[in-house]
Structure formats: structure tokens, C-alpha cells
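Undergrad: here's a sequence, model it:
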Amino acid sequence: MKSAFRKISRVGSLTGGTRWYLSEDCLLAAKRMMYAVEYRRFYFRDLEYIVIWPRSSWLRRLIIPTVLLAALGFSLWYWVNSIAGEIFTGLALAWMSLELALGPTATSRIRTTGATVELPLVKRTRRARKVLAKIDAAVRATRGVIEQPTAPATIASSAEPHVQTRSEASATTCVAAATQTNAS
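TA: Residues are numbered from 1 along each chain as shown. Below you'll find the predicted structure:
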């Protein structure tokens, strides 16, 4: 049996992480904290917006380890030997190039009709466009189905005119009266 949910994103952390799944009518977040899993469901009909922006702390993630490894490398180069210094200086350069290649880390906010939730949707902003495109396509498909008119489309032939029967006329009057009371 095939599952109705498909995984679109995973954001890991030391104590667990969040996995995001996409269904035909909702977005599901499975947030794992140690041994417990908390599920949040965001229905597409209630979804107002999803915002992803780069964290300001990603520069600290880039600079602090690079400076510490480089300082350790230069001190080992001076005090111990050049091979140990080269290793740690190389690690500092590798760390810096990896962080620059991966790009800034991301923060996200999801707004529904009833609540605003800040859960990590993607780890890096580089991947955000791809995940948001999948969610946007699913929302458009769901809302396109919901927003279609409920009355069936009829094609009247030009040869014979459409004569409205008494039951159709009373049904049209009831529907018009119901929409007027709901709209006001």
C-alpha cells in the first residue's frame, strides 16, 4: 500500500529534528524531540503564507570555528611542528569553504488562519525555493479544485431553446435567497 504522504524536507538537530511531508490536502510537520514526536498539520485551505529568510547567526557559524581552528593551527605550527599546524589550518579553510558553499541557514514562519508557527522548513536558504515550489504547486492544485463552481456546466444546443421547469425555477430562487442571506 502506497502512503498518501511524501517527504519534501528534513531539518535535523542534536535532539531530534523536523520532517516535512506533503499530502493532497495538507502539509504535515513531524517534530521529533528525543523520544517523542509531535505532529502538526497545516491544511492548504487555511494556509495564508510561508516565509523563509536567512538567519543572522550563520555568520557566527562561519567565523567562530574558522578563527578557532586557524588560531590553533598557527599556534601548533609555531610551538609543535609545521605538519600539525598545516592540518588545523587546512581544517579551518575547509570549514570556511564548506559553509560558504552551503550558504546561509534559514528560519521560517508559517501563517494559517488560526495561528502563526515558527518551525524550520529547510536547513539552508539555498533549498527554500525548491521546497516552496512543491508546496505552492500542491496549494494551487487543491485550491483550484475547491474554487471550481459547484453547479454543473450545461451546454444548451442552439436548435432547441432551454425551457426552465417549475422545480428548477424554485431551486434557483432558494439558492439565490440563501446566497443573499449568507453574503450580508
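Undergrad: mind listing the helices for this structure?
TA: Ranges of helices in the chain, per DSSP state H, are 58-79, 82-102, 128-146, 166-183.
Undergrad: in the second one, what counts as buried?
TA: Neighbour-count burial for helix 82-102 flags 85, 88-89, 91-92, 95-96, 99, 102 (criterion: 16 or more other C-beta atoms under 10 Å). C-betas here are computed from N, CA, C, even on glycine.
Undergrad: same list, the residues you listed, but as JSON lines with pLDDT and distance to residue 141 please.
TA: Formatted as JSON lines, the buried residues of helix 82-102 follow (pLDDT from 0 to 100; distance: C-beta to C-beta, whole Å):
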{"residue": "85", "pLDDT": "75", "distance to residue 141": "57"}
{"residue": "88", "pLDDT": "76", "distance to residue 141": "52"}
{"residue": "89", "pLDDT": "81", "distance to residue 141": "52"}
{"residue": "91", "pLDDT": "83", "distance to residue 141": "47"}
{"residue": "92", "pLDDT": "84", "distance to residue 141": "47"}
{"residue": "95", "pLDDT": "83", "distance to residue 141": "42"}
{"residue": "96", "pLDDT": "85", "distance to residue 141": "42"}
{"residue": "99", "pLDDT": "85", "distance to residue 141": "37"}
{"residue": "102", "pLDDT": "85", "distance to residue 141": "31"}
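Undergrad: quick one: which two of these are the most distant?
TA: Spanning the widest gap among the buried residues of helix 82-102 are 85 and 102, at 26.3 Å by C-beta to C-beta.
Undergrad: and stretch 9-16, average pLDDT?
TA: Stretch 9-16 shows a mean pLDDT of 83.
Undergrad: could you give the separation of it from the chain centroid?
TA: Mean-position distance between stretch 9-16 and its chain equals 15 Å (C-alpha atoms, centre = their mean, to the nearest Å).
Undergrad: got the domain ranges for the chain?
TA: Domains of the chain are assigned by automatic domain parsing as 6-55+104-146, 58-102.
Undergrad: so what's the residue count around residue 65?
TA: For residue 65, the neighbour count with other C-beta atoms under 10 Å is 15.
Undergrad: show the pLDDT at it.
TA: We have a pLDDT of 82 for residue 65.
Undergrad: now tabulate the buried residues of helix 82-102 in TSV and tack on distance to residue 122.
TA: TSV is the format used below for the buried residues of helix 82-102 (distance: C-beta to C-beta, whole Å):
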residue	distance to residue 122
85	37
88	31
89	32
91	27
92	27
95	21
96	22
99	16
102	12
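Undergrad: quick one: contacts for the spatially most central residue of the chain?
TA: Closest to where the C-alpha atoms of the chain average out (C-alpha atoms, centre = their mean) is residue 121, at 4.8 Å. Residue 121 is in contact with 9, 11, 20, 50, 52, 106, 108, 110, 128, 131, counting by C-beta atoms under 8 Å, 6 or more residues apart in numbering.
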